[in-house]
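A.B. asks: Give me the fold of what follows.
(one chain, ligands or ions: 1)
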Amino acid sequence: MLDSMDSLKARLSDPDLLRTQAYLGGEWVDADSGETHDVINPANGGTLATVPHLGRAEVARAIALAEAAQKDWAARTAKERAGMLRRWYDLIMENQEDLAVILTAEMGKPLAEARGEIGYGASFIEWFAEEAKRIYGETIPGHQADKRITVIKQPIGVAAAITPWNFPNAMITRKAAPALAAGCAFIVRPAESTPLSALALGELADRAGLPKGILSVVTSGHGGASDIGKEFCENHAVRKLSFTGSTAVGRILLRQAADQVMKCSMELGGNAPFIVFDDADVDAAVEGAIICKFRNNGQTCVCANRIYVQDGVYDAFAKKLAEKLATMKVGDGMEDGVAFGPLINEAAVAKVEEHVADAVAKGGTVAMGGARMGNDGTFFEPTIVTDATSDMLFAHDETFGPLAPLFRFTDEDEVIALANDTIFGLASYFYAKDLSRVYKVAEALEYGIVGVNTGIISTEVAPFGGVKQSGLGREGSHHGIEDYLEMKYICMTV
Ligand SMILES: O=CCCCC(=O)O
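C.D. replies: Numbering: from 1, shown residues only. Below is the predicted model:
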């Protein structure tokens, strides 16, 4: 059982990957105040490590070091930057198992899923190492006979990021890789519950030879995020902020960043609809729903939050979903065969409980699960609520847990209106076979991402991001590097 630093170290082939100091300008440091905070294993409540609780002063130093290092980094050839990123990628893949163990220990997702996240996270580094060499400019025919116009793209400068606990590796690499490939310096404040994965990435970046100051990992505990967020937003050297997390926090950061007109990328909340039409392959839809609703135990911004099933297949879908879920094991993510780990903390469990109780009070039926499990850890049964209706909390609020509410619908226009009836617009999914329906529905859904006959939409090659209050900007794909670049137009008289 991983419930202490010693037990975690003993499980690693390379215990030096377990870093417990912040990585600031290429050095491993403690907080000026000496304060630390604990990193807890959600599967058993054990303390895995303590890491520094940095304040604004240390973060300001990281920013100054980043600013000092960035111009040299940007002046290197794209090939040089790409080579270093490629070394970082190789080291991550060589250490995939250890990184997955660290990730499972601090976050809870099953080890197989953690291995998948390490591969997914690394894929952004591989991808953007290649994209570094394709930051092309433009020539534009002059507006006068003696004019020549060219457009070049340059790194924006120092980029800062605040990342979430649910993907402690991939949400860092998806931001760091395009930033570094573009020639920016990058500082990340990882979530307070999952700093160890971030620090391990820092260790491997160091081994890959990234120049000092180009990457910093600044850790802090409860309450520290808002201080660090303020430093990121108020420090004039920071020219770009990228955030993945809740819409509520995203709004605060956007307001703060407005004072120095900082470029922002925001990957915020979702409330993904998952629609199963009568003409769908129901078995495929059940498979898709399991992956999409229960990935990371429902704790993913692109997880289905509302499952709409058409009358003709409603009962069959509900039955098959319950049968499949009944075969899947809940437990400590380090154990073999576990499909669903613990939720991240007590508050997460309380939210699922609240959504179940609210649904029951409003006429919903708990067809499966519905309760927390055991006395230790933060485990919750995979849950299905049938007879879900639009007045229930989960219709408008992301549950972020293993609760699948099944809404019944009859008509295509009706379900599109229901699916779009939210302030969010990140991911959506539907299952159908009729080709004209597929086109029509895909176009009508007001979301940045639409999965058609698939429950998995995440890949480094596609632009990930939302519309409405789900965010600004896109991550991944060839578009993902643009957020870290500025265009400069040069007008020349010849
Ligand atoms: O919660 C959001 C993390 C995004 C995970 C993904 O890339 O699929």
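A.B. asks: Over to stretch 475-489 now: how far is its first residue from its last?
C.D. replies: Taking CA to CA, to the nearest Å, stretch 475-489 runs 25 Å from one end to the other.
A.B. asks: now do stretch 6-15
C.D. replies: 10 Å.
A.B. asks: Give me the contacts around stretch 353-371.
C.D. replies: 318, 322, 325-326, 372, 380-389, 391-394, 397, 399, 401-403, 405-406 (CB atoms under 8 Å, 6 or more residues apart in numbering). In short, each C-beta sits where N, CA and C put it, glycine included.
A.B. asks: which of the residues in that stretch are buried?
C.D. replies: If you call a residue buried by 16 or more other CB atoms under 10 Å, then stretch 353-371 has these buried ones: 353, 355-356, 358-359, 364, 366-370.
A.B. asks: re earlier: please, a PyMOL command that selects the buried ones among the contacts of stretch 353-371?
C.D. replies: Only the buried members of the contacts of stretch 353-371 enter the following PyMOL selection, criterion being 16+ other CB under 10 Å:
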select buried, resi 318+322+325+372+380+381+382+383+384+385+386+388+392+393+394+397+399+401+402+403+405+406
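A.B. asks: In strands, which of the contacts of stretch 353-371 fall?
C.D. replies: Residues of those located in strands (DSSP state E): 372, 380, 383-388, 403, 405-406.
A.B. asks: Need the max-distance pair from those residues.
C.D. replies: Farthest-apart pair in the ones in strands among the contacts of stretch 353-371 is R372 and D387; separation 22.4 Å (CB to CB).
A.B. asks: okay, the closest residue to A388 other than its chain neighbours: pLDDT?
C.D. replies: Among residues not flanking A388 along the chain, P405 sits closest, at 3.7 Å (CB to CB, 6 or more residues apart in numbering). As predicted, P405 sits at a pLDDT of 98.
A.B. asks: and P405, what is it in contact with?
C.D. replies: 305-307, 359, 364, 384-385, 388, 392, 394-395.
A.B. asks: how about these in TSV, adding pLDDT and distance to the ligand?
C.D. replies: Shown next, in TSV, are these (pLDDT from 0 to 100; distance: CB to the nearest ligand atom, whole Å):
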residue	pLDDT	distance to the ligand
N305	98	12
R306	98	17
I307	98	18
A359	98	23
G364	98	26
I384	98	22
V385	98	22
A388	98	22
M392	98	22
F394	97	17
A395	97	20
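A.B. asks: count of neighbours near the residue nearest to S4 when sequence neighbours are not counted?
C.D. replies: Once flanking residues are discounted, S4 sits nearest to G46: 5.7 Å by CB to CB, 6+ apart. Per other CB atoms under 10 Å, the neighbour tally for G46 reads 19.
A.B. asks: G46 contacts D6, correct?
C.D. replies: No. The pair G46 / D6 is not scored as a contact, 10.6 Å apart, by CB atoms under 8 Å.
A.B. asks: Which elements pack onto the helix or strand containing T173?
C.D. replies: Taking DSSP states H and E as the definition, T173 sits inside helix 170-182. Counting contacts by 3 or more CB pairs under 8 Å, 6 or more residues apart in numbering; DSSP states H and E, helix 170-182 is packed against helix 78-94, helix 111-131, strand 158-162, strand 185-189, helix 195-208, strand 238-244.
A.B. asks: winner for burial among those?
C.D. replies: Counting by mean count of other CB atoms under 10 Å, strand 185-189 has the highest mean neighbour count of the helices and strands packed on helix 170-182, with a mean of 29.
A.B. asks: ok now that strand, how far from the chain's centre?
C.D. replies: Strand 185-189 has its C-alpha centroid displaced from the chain centroid by 16 Å (CA atoms, centre = their mean, to the nearest Å).
A.B. asks: Stretch 444-461 now?
C.D. replies: 15 Å.
A.B. asks: Also stretch 318-335?
C.D. replies: Centre-to-centre, stretch 318-335 and its host chain are 24 Å apart (CA atoms, centre = their mean).
A.B. asks: what about it, how long is it end to end?
C.D. replies: 29 Å.
A.B. asks: Report the buried residues of that stretch.
C.D. replies: 318, 320-322, 324-325, 330-334.
A.B. asks: ok, back up a step: so for the residue nearest to S4, what's the pLDDT?
C.D. replies: 96.
A.B. asks: buried stuff in stretch 92-107?
C.D. replies: Using 16+ other CB under 10 Å as the test for burial, stretch 92-107 gives 92, 95-107.
A.B. asks: Which of those residues sits closest to P141?
C.D. replies: I92 (44.7 Å).
A.B. asks: State the distance from the residue lying closest to L445 once chain neighbours are set aside to L268.
C.D. replies: Leaving aside its chain neighbours, L445 sits nearest to S428 (4.6 Å; criterion: CB to CB, 6+ apart). Distance from S428 to L268, counting by CB to CB, to the nearest Å: 15 Å.
A.B. asks: surely G55 meets S33?
C.D. replies: Yes. Using CB under 8 Å, G55 makes contact with S33 at a distance of 6.5 Å.
A.B. asks: Around the ligand, pick out the residues from this protein.
C.D. replies: 166-167, 171, 300-302, 458, 464 (CB under 6 Å from any ligand atom).
A.B. asks: Output these in TSV; the columns should cover pLDDT and neighbour count.
C.D. replies: Output for those, formatted as TSV (pLDDT from 0 to 100; neighbours: other CB atoms under 10 Å):
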residue	pLDDT	neighbour count
N166	98	26
F167	98	26
M171	98	31
T300	97	22
C301	97	28
V302	98	26
S458	97	18
F464	98	24
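A.B. asks: Please tell me I have it right and I275 contacts F430.
C.D. replies: Yes. I275 is within contact range of F430, at 3.9 Å (criterion: CB under 8 Å).
A.B. asks: what residues are up against the residue in the stretch 351-494 of the chain that the ligand sits nearest to?
C.D. replies: Closest contact between the stretch 351-494 of the chain and the ligand, by CB to the nearest ligand atom, is at S458 (3.2 Å). Applying CB under 8 Å, 6+ apart, we find S458 in contact with 120, 302, 464.
A.B. asks: Once you drop chain neighbours, what's closest to F277?
C.D. replies: A432 (4.1 Å).
A.B. asks: Touching, that neighbour and D281? I think so.
C.D. replies: No. Assessed by CB under 8 Å, A432 is found out of contact with D281, at 9.4 Å.
A.B. asks: Which one's more surrounded, the two?
C.D. replies: Using other CB under 10 Å, the more surrounded residue of A432 and D281 is A432, with 23 against 15.
A.B. asks: Pop out the phi and psi values for the more buried one.
C.D. replies: phi -160, psi 160 (degrees, to the nearest 10).
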